[in-house]
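Asker: Below are the sequence and a predicted model; questions follow.
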Amino acid sequence: MNSIFSGRAIRTAGFGFLVCLLAAPLAAARSGGRISGVVLDSAGTPQMGATVLLTPQSELAGSTVKLLTDDHGRFSSAALPVGLYSIQVTLAGFFPAIERNVKVNAGHPTVLQIMLGTVFSTLEKLRRPSGEPVSADDWTWVLRSSAATRTVLRWQDAGIPIGSSANSDGAARRQSLHGGLIVTSGADHPGSVANVPNSTATAVVYDLDLGARGHLLMAGQFSYDDSSSSAGIAGELLPSGGPGTGPVSTLLVRETRLGPGGPTFRGLRLSHDDQFMVGDRVSVRYGAELLMAGFEGTTSAVRPHGEVAVQISPSWQTSFTVATRPFNDGTAEGAMQSAADTLDSFPTLLVRRGEPVFEDDLHEELAVKHQLGPRAEISAAVFHDSSNQTAVIGRGDHGGPDFLQDSFSQAFAYDGGASSSTGARVAYREKISDDLSTTVVYAYAGALAPVNGADPGLPLRDRLQTRYRQSLAGRVSTKIPGLNTRLTAGYKWLDGPTVSRQDAYGESLYQTTPYLSMQISQPLPNAFPCHMEVQADIGNLLAQGYVQVATRDGYVVLVPSYRYIRGGLSFQF
């Protein structure tokens with residue numbers, strides 16, 4: 001009996017000792033230390049958006065931890081197991097910094113100050129143990145500071161996109177959101193039968209994770225109008241996982257019936273964009289889109305586009321662009337919002353001599369951009385716009401076959417004819433804080449305007465000519481603390497009447513529209529297992545810029561920016 005008891009006691013004591021051995025590293029992990037620090041450049045300026053990798057040198061201590069520096073250049077990890085760590089810091093435009101044998105002790109943080117050097121500073125600024133070579137993967141980050149590849153230069157001052165959250169756990173929520181449902185009351189640019197109709201509609205977006213092959217985003221939309229119907233479906237393949245970071249292939253199909261017995265519009269848009277680096281200073285973006293439409297006839301177009309950007313220094317960049325619209329670099333939207341926007345990406349459909357045509361503005365631009373610290377930039381550009389079919393939007397009694405009426409609104413689209421102008425633009429953007437950003441844009445360029453004293457008996461396009469106008473636009477985006485309400489307001493002033501868009505490329509690039517516009521997004525309490533937002537979008541609130549033109553059958557009103565008020569509710573899950 002004593003021997004049995006002794007055996008059990010020995011086994012119990014051995015089991016307890018084994019539990020203590022296993023619990024010791026767990027307790028050490030729970031009571032481990034942290035690594036905190038700040039990342040600076042050679043001048044002592046904090047660097048936002050630097051990637052910090054914390055890799056334990058012991059294989060039993062866990063996996064690599066990835067951190068990003070905040071707007072003050074600071075980073076801080078959660079509790080880490082005690083031991084030695086290797087730290088690697090990378091940031092576009094700088095040499096990588098590597099530190100080894102950084103010790104983490106239990107009970108108190110390890111504080112570091114990491115200096116990043118550029119190609120213009122001495123090689124000794126590269127922090128690494130003496131004599132240790134830098135891997136090829138580290139060197140590929142040197143001087144990659146173009147807007148297409150440097151994430152810290154990307155602006156997030158647009159409305160809150162689908163798949164994002166205004167809460168502090170936004171990053172975690174974005175990872176868990178895979179779909180969205182949006183109910184809206186209309187369109188944000190009425191007048192074109194090729195776009196989302198100006199009626200109550202529902203859109204559905206879903207993000208399908210393909211693993212190593214990237215993401216496939218699917219979006220669909222349909223309207224509820226009793227007399228007319230409209231539906232569209234879009235697919236966006238992102239092998240790299242996000243817009244603006246690699247190849248993007250897009251397919252859009254849309255069908256709209258104009259009235260119970262009216263004609264039907266059917267359209268197809270197929271596009272592909274990609275980008276690559278030439279050395280460490282030159283980035284190239286290129287692509288093309290195929291457009292096809294059927295509407296009492298057929299039309300098609302192939303439109304290539306491209307951009308070459310050269311990084312002159314870490315803060316100076318020059319670029320040359322030939323395109324019909326700005327590249328999607330992911331600056332102001334998430335992947336699912338990009339797919340939702342694809343549903344409304346057809347150019348304006350027009351009718352000329354009874355045949356359908358698309359507007360065909362071609363934009364050529366030479367630009368220079370200067371980064372004023374981590375939060376501000378200024379750019380200047382000279383550009384040339386040319387078009388054989390210029391879209392003019394209006395309303396009224398026209399009585400002409402070339403006026404394409406939108407059945408979902410009182411607006412019509414008209415081919416204003418050829419237009420050509422050379423212009424210049426200066427833009428300043430600053431992210432004052434995480435919740436406040438501003439944009440100011442001055443432009444001098446041409447737009448179509450009516451000729452005074454022209455014969456009303458002439459066709460409308462013969463009474464429109466290109467006139468040069470000055471414009472000044474301002475845009476402010478902010479978030480109200482506590483309520484998490486996102487508010488964006490903008491105003492673009494023009495020094496004379498126009499009936500077409502002045503610097504349409506710049507308006508798309510900096511998200512400005514003529515006259516007063518507002519966007520509001522209000523997150524709702526999480527009463528259900530999804531993220532809900534109420535959204536409102538208002539354009540040309542004061543109904544400014546309307547130009548009345550006499551015709552043979554009466555009068556029409558032409559507008560460079562149609563007045564609209566659109567509300568909606570989005571569910572993100």
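Answerer: Arrived safely.
Asker: contacts and neighbour counts: CA atoms only from here.
Answerer: Fine.
Asker: so Val248 sits right up against Leu217, yeah?
Answerer: No - in this structure, Val248 is not within contact of Leu217 by C-alpha atoms under 8 Å, at 10.8 Å.
Asker: who has more neighbours, those two?
Answerer: Leu217 (24 against 21; other C-alpha atoms under 10 Å).
Asker: ok, and the closest non-adjacent residue to the more buried one?
Answerer: Distances taken as C-alpha to C-alpha, 6 or more residues apart in numbering put Asp207 closest to Leu217, at 4.6 Å, once the chain neighbours are dropped.
Asker: Quick check: neighbours of the one helix or strand the one you found maps to in the sheet, parallel or antiparallel?
Answerer: According to DSSP states H and E, Asp207 maps onto strand 201-209. In the sheet, strand 201-209 lines up against strand 179-184 (antiparallel), strand 215-223 (antiparallel) (DSSP bridges).
Asker: Would you mind saying which of these lies nearest Asp495?
Answerer: Closest of those to Asp495 is strand 179-184, at 33.7 Å (criterion: C-alpha to C-alpha).
Asker: ok, back up a step: what's the most buried one of the strands paired with strand 201-209?
Answerer: strand 215-223 (a mean of 22; mean count of other C-alpha atoms under 10 Å).
Asker: which residues touch that strand?
Answerer: Identification of contacts with strand 215-223 by C-alpha atoms under 8 Å, 6 or more residues apart in numbering yields 197, 199-210, 229-242, 335-336, 339-340, 343.
Asker: Narrow the residues you listed to just the buried residues.
Answerer: Burial by neighbour count, 16 or more other C-alpha atoms under 10 Å: within the contacts of strand 215-223 this picks out 197, 199-207, 229-239, 241-242, 335-336, 339-340, 343.
Asker: quick one, what contacts Glu430?
Answerer: With the criterion set at C-alpha under 8 Å, 6+ apart, Glu430 makes contact with 375-377, 437-439.
Asker: can you pull the pLDDT of it?
Answerer: In the predicted model, Glu430 carries a pLDDT score of 94.
Asker: again with Thr118
Answerer: Looking at Thr118, the pLDDT reads 64.
Asker: Next: Val111.
Answerer: At Val111, the model reports a pLDDT of 87.
Asker: And the one 10 residues further on, by the same measure?
Answerer: Reported pLDDT at Ser121 in the predicted model: 47.
Asker: Show me where the stretch 51-200 of the chain has its helices.
Answerer: Assigned helices in the stretch 51-200 of the chain, in chain order: 136-139, 170-176 (criterion: DSSP state H, counting those that start in this stretch).
Asker: Quick one: end-to-end length of stretch 549-562, please.
Answerer: 16 Å (C-alpha to C-alpha, to the nearest Å).
Asker: what about stretch 454-471, distance to the chain center?
Answerer: In terms of C-alpha atoms, centre = their mean, to the nearest Å, the centre of stretch 454-471 is set 35 Å apart from its chain centre.
Asker: quick one: buried residues of it?
Answerer: Neighbour-count burial for stretch 454-471 flags 460-461, 463-471 (criterion: 16+ other C-alpha under 10 Å).
Asker: Now do that stretch: everything it contacts.
Answerer: 415-417, 419-421, 442-451, 492-496, 502, 550-552.
Asker: Type out the PyMOL command that picks the buried ones from these.
Answerer: Entered in PyMOL, the line below selects the buried ones among those, by 16+ other C-alpha under 10 Å:
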select buried, resi 415+416+417+419+420+421+442+443+444+445+446+447+448+449+450+492+493+494+502+551
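Asker: Let's see which of the contacts of stretch 454-471 end up in strands.
Answerer: 415, 419-421, 442-450, 492-494, 550-551 (DSSP state E).
Asker: sorry, back to before: identify the contacts common to Val248 and Leu217.
Answerer: 236-238.
Asker: Pick out the lowest-pLDDT one from those residues.
Answerer: Leu238 (84).
Asker: Next, work out how far apart that one and Pro56 are.
Answerer: Distance from Leu238 to Pro56, by C-alpha to C-alpha: 33 Å.
Asker: What of Ser63?
Answerer: Computed as C-alpha to C-alpha, the Ser63 to Pro56 distance reads 7 Å.
Asker: Also Gly180?
Answerer: Where Pro56 is concerned, Gly180 sits at a distance of 39 Å (C-alpha to C-alpha).
Asker: cool, Ile312 as well?
Answerer: 37 Å.
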